[in-house]
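Trainee: Next input, structure requested:
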Amino acid sequence: IYLSTDNGTNWGRAGLNGWYVDALTVSGSNVFAGTMSGVFLSTIDGRNWKEVSTGLTSKVVNALVVSDTNLFAGTQGGLFLSTNNGRNWNKVNTWLNNLTITSLSVYESNLFAGTWGSGVFLSTNNGNSWSSVGLSDMRFVYSVNVSGTNLVVGTDVGVFVSTNNGFNWFSLGLTNMDVTSLSISDADLFAGTSTGGVFHSSNYGAIWTEVNTGLTNLDVPSLIISGTNLFAGTTGGGVFLSTNKGTSWASVNTGLMNTLVQTLLINNRDFFAGTNNGIFLSTNDGTHWTEVNVGAMNIDVKTLVVSGTNIFAGGRDDGAFLSTDNGASWSSMGLTNRFVTSFAVIGTKLFAGISSGVFLSTDNGITWTNVSLGLTGWGVKCLGVKDTILFAGTYEGGVCISTNYGTNWISPINGLLNRTVFSITVDGSKIFAGTGGGGVYLSTNNGVSWNNRSIGNTYQAVRSLFVLGTNLFAGTGGGGLFLSTNNGISWSAVNAGLTYADIYDIAIRGTNIFAGTFGDGVWRRPLTEIITSVGEVLNTSPGQFSLSQNYPNPFNPVTTISYSIPKTCSVTLKVYDVLGKEIQTIAEDEKAAGSYQIIFDGSNLSNGIYFYRMQAENFTETKKLILLK
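Mentor: Okay, here's the model as predicted:
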């Protein structure tokens, strides 16, 4: 739940993070929320919630309404009544015994219920008995509204009105529309639809006008009027405000972020989040996000990857998309109607893992070739690369390996047979695979065999893995974030402050770790609260050796040092004082080709000037850093 106290200009979380909230109603100082897991009550504007579902045998709550001291809940299993603010519930059985209640409305002594597939029902005695009042041939009655003596409903085939409590009905138009929401103000009637946006009638349905200027998402499941303000809640664009009866709309989403974050990508100083409704960009470590979906509106984004100046996005049934201007605009790059789960880059070769195999493009996605010969399992969940070796994590088929760019695939004999593999990460000679139900697996022989490194409750899917020096992070489905400092032999949960434990992706930028969650957006935590050792982060595939200036500089007390290597080699990175005395070795290991970031912690050093030097094969470079506490 989100709360705004300034007409939607700014939003803040108001509790029940991660819950699907389908209904809200207010009674005095009480706020009630209907979820897929029962009813919750807050008495202080959402700062604290408690479940009030005793007696509620069907907990999927679609609608809530208050009538005097009675609180009604419409569920997938009928209607329930509470007379004590939700402490206890009783089912009101007559007529509505096992119907799915989709909407509720009260007018004087009349209680109306809209249902799924059975039309509208009326009760005149607080739900003790009901009578059918028509529209039984409608599949869905989404919205029930009362305006004076008129009962107005939105259905899957338009808007209908009754002037005699439902005994007779008349069509108000929009007969070819799925009308999912309605709002009425005097003579103005507003209808939100599932595909056409918002429509306005000033003459009670005789004429309807489309009013969508500025409304970037046309699936509108909720409308509400507050004074002269009309608010539209959309499925992929957040909340919009109109102050001129829908003539124009403005987004009012500051602080109201898409909550289902499925993939994260760091490209230099830019941070991208792929969600179930598009792509968002932050240039300040997640403090503020901007929607960057021009050309790729409402895409269910499953994967993001950067290759040179190109950024590729893959989605569920949407295919592949390319941006050459850092997300400002996108264009479709084929694989239309394919479920793209993952990308991998080897030189100029771009691989896409899809629900039925692997495709290869050598021209930045203009054309694609199916390279799935020998793949086992039921589709590809993830891809990983070590030098020129390509790894594919599959659904119930373990990890398959190709050493010839997908021309042929082999399945390992030992360790991961019949496992679903959600994530793969490579660190030098170590390859880690996150599975569903089996924890993490490690291979040190290019995937020929695997050893289990389970994480506590092994039923949890390990959807994301990230290596930071000697630290291995695992994001799980339900258990939150775990850390291992010994290659997965033992694990510890690192979830302080993380209120939602279903993690889809992990990213590290500078001195922070980020978690993209299934139901609560992106979370950030300083790495210094979790680890004490220096870490490294793999980002892209560069074409030459380079050492970048640390950032920030001056720093206090941590800074980030970036370097790139074009091929697998031994890398040494050391810090010296002004006299040339070695202070600390922060990297000394064989690394695969890639761009890396090192987090250097100067907490134990005095103020002053220091130098850091990188050596890799014949490449040597030194740069200055300044510590100011």
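Trainee: Tell me the secondary structure at Tyr500.
Mentor: Following DSSP: H, G, I helix; E, B strand; the rest coil, the label given to Tyr500 is coil.
Trainee: who touches the residue nearest to Asn512 when sequence neighbours are not counted in this structure?
Mentor: Spatially, and ignoring its direct neighbours in sequence, Asn512 is nearest to Arg524 (5.2 Å; CB to CB, 6 or more residues apart in numbering). For every residue, glycine as well, the C-beta is placed using N, CA and C. If you count contacts by CB atoms under 8 Å, 6 or more residues apart in numbering, Arg524 has them with Asp285, Gly286, Asn512, Ile513, Phe514, Ala515.
Trainee: Buried ones among those?
Mentor: Among the contacts of Arg524, those that count as buried by neighbour count (16 or more other CB atoms under 10 Å) are Gly286, Asn512, Ile513, Phe514, Ala515.
Trainee: follow-up on the earlier one: tell me the mean pLDDT for the helix or strand where the residue nearest to Asn512 lies?
Mentor: Arg524 is part of strand 522-526 when elements are defined by DSSP states H and E. Mean per-residue pLDDT for strand 522-526: 86.
Trainee: what's the span of stretch 354-362, first residue to last?
Mentor: Stretch 354-362 has an end-to-end distance of 17 Å (CA to CA, to the nearest Å).
Trainee: do stretch 249-263 as well
Mentor: Stretch 249-263: ends 30 Å apart by CA to CA.
Trainee: Equivalent analysis for stretch 348-361, please.
Mentor: End residues of stretch 348-361 are separated by 9 Å (CA to CA).
Trainee: switch to numbering from 448
Mentor: Done: numbering now begins at 448, and the last item shifts to stretch 795-808.
Trainee: what's in contact with stretch 609-627?
Mentor: Stretch 609-627 has contacts (CB under 8 Å, 6+ apart) with 557, 559, 567, 569, 580-582, 587, 589-590, 596-599, 601-608, 636, 638-643, 646, 648, 651-653, 655, 666-669.
Trainee: ok, now which ones touch the nearest residue to Thr501 once chain neighbours are set aside?
Mentor: Nearest non-adjacent residue to Thr501, counting by CB to CB, 6+ apart: Asn535, 5.3 Å away. Contacts were defined as CB under 8 Å, 6+ apart; by that measure Asn535 touches Thr501, Gly502, Ser529.
Trainee: hang on, the first one in a strand?
Mentor: Going back to what we said before, that points to Thr501. No: secondary structure assignment places Thr501 outside any strand; it is coil (three-state DSSP).
Trainee: so it sits right up against Arg534, yeah?
Mentor: Yes: contact criterion CB atoms under 8 Å: Thr501 and Arg534 qualify, at 6.6 Å.
Trainee: what bits of the stretch 648-797 of the chain have low per-residue confidence?
Mentor: Within the stretch 648-797 of the chain, the segments meeting pLDDT under 70 span 683-684, 700-706, 715, 745.
Trainee: same thing with the stretch 848-997 of the chain?
Mentor: The stretch 848-997 of the chain contains residues with pLDDT under 70 at 860-861, 903-907, 957, 966, 979-990.
Trainee: Hmm, Val513 and Thr472 touching each other?
Mentor: Yes: applying CB under 8 Å, one finds Thr472 in contact with Val513, separated by 5.6 Å.
Trainee: Mind listing the shared neighbours of the two?
Mentor: Phe479.
Trainee: so who does the nearest residue to Ser556 once chain neighbours are set aside touch?
Mentor: In space, Ser556 comes closest to Thr571 once its chain neighbours are excluded; the distance is 5.7 Å by CB to CB, 6+ apart. Going by CB under 8 Å, 6+ apart, Thr571 touches Ser556, Asn557, Leu558.
Trainee: Buried among those residues? Make that a ChimeraX selection.
Mentor: Per 16+ other CB under 10 Å, the buried members of the contacts of Thr571 correspond to this ChimeraX selection:
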select :557,558
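Trainee: mind putting the contacts of Thr571 in TSV, distance to Phe1047 included?
Mentor: Listed next are the contacts of Thr571 as TSV, based on distance: CB to CB, whole Å:
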residue	distance to Phe1047
Ser556	72
Asn557	70
Leu558	66
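Trainee: Could you measure from the residue nearest to Asn959 over to Asn532?
Mentor: Note on Arg971: its distance to Asn532, by CB to CB, to the nearest Å, is 37 Å.
Trainee: Check Ser779 too.
Mentor: Look at Ser779 and Asn532: by CB to CB, they are 52 Å apart.
Trainee: and if you look at Ser618?
Mentor: From Ser618 across to Asn532, the span is 39 Å (CB to CB).
Trainee: likewise Ser641?
Mentor: Ser641 sits 34 Å away from Asn532, going by CB to CB.
Trainee: Repeat that for Leu511.
Mentor: 12 Å.
Trainee: more crowded one of the two?
Mentor: Neighbour count, other CB atoms under 10 Å: between Leu511 and Asn532, Leu511 has more, with 21 against 16.
Trainee: same for the helix or strand where that one lies, what does it pack against?
Mentor: If you go by DSSP H and E, Leu511 is part of strand 508-514. Where contact means 3 or more CB pairs under 8 Å, 6 or more residues apart in numbering; DSSP states H and E, strand 508-514 is packed against strand 468-474, strand 477-482, strand 485-489, strand 517-522, strand 548-554, strand 557-562.
Trainee: angle of that strand against strand 557-562?
Mentor: Per axes from the mean of the first three to the mean of the last three CA atoms, to 10 degrees, the angle that strand 508-514 makes with strand 557-562 is 170 degrees.
Trainee: Touching strand 508-514 from outside, list them.
Mentor: Strand 508-514 has contacts (CB under 8 Å, 6+ apart) with 469-474, 479-483, 485-486, 518-523, 547-553, 558, 561, 573.
Trainee: and these, which are buried?
Mentor: For the contacts of strand 508-514, a neighbour count by 16+ other CB under 10 Å gives the buried set as 469-470, 472, 474, 479-482, 485-486, 518-523, 547-553, 558, 561, 573.
Trainee: one step back: any idea what the residue nearest to Asn959 is bridged to?
Mentor: With DSSP bridges applied, Arg971 shows beta-bridge pairing to Phe961.
Trainee: that older thread, lowest pLDDT pick from the contacts of Thr571?
Mentor: In terms of pLDDT, Ser556 ranks lowest among these, with 78.
Trainee: bridging residues for Val508?
Mentor: Thr522.
Trainee: what's the answer for Phe568, then?
Mentor: Ala560, Ser579.
Trainee: What is the burial count for it?
Mentor: 27.
Trainee: hang on, isn't it packed against Asn557?
Mentor: No: counting by CB under 8 Å, Phe568 stays clear of Asn557, with 10.9 Å between them.
Trainee: residue contacts, Thr1032?
Mentor: Thr1019, Leu1020, Lys1021, Val1022.
Trainee: Can you check which residues contact both of Leu511 and Asn532?
Mentor: What both Leu511 and Asn532 touch, as defined by CB under 8 Å, 6+ apart, is the set Leu518.
Trainee: Pairing partners for whichever helix or strand Thr923 is part of, with directions?
Mentor: Per DSSP H and E: Thr923 is located in strand 918-923. Strand 918-923 has the following sheet partners, assigned by DSSP bridges: strand 909-915 (antiparallel), strand 927-931 (antiparallel).
Trainee: contact partners of that strand?
Mentor: 879, 881, 887, 902, 907-914, 928-932, 934-935, 938, 941, 948, 950-953, 960, 962, 978, 980, 982.
Trainee: Give me the phi and psi for Thr975.
Mentor: Torsion angles at Thr975 (phi, psi; degrees, to the nearest 10) stand at phi -70, psi -20.
Trainee: Could you count how many residues lie near it?
Mentor: 14.
Trainee: Pretty sure it sits against Asn959.
Mentor: No: judged on CB under 8 Å, Thr975 makes no contact with Asn959 at a distance of 9.5 Å.
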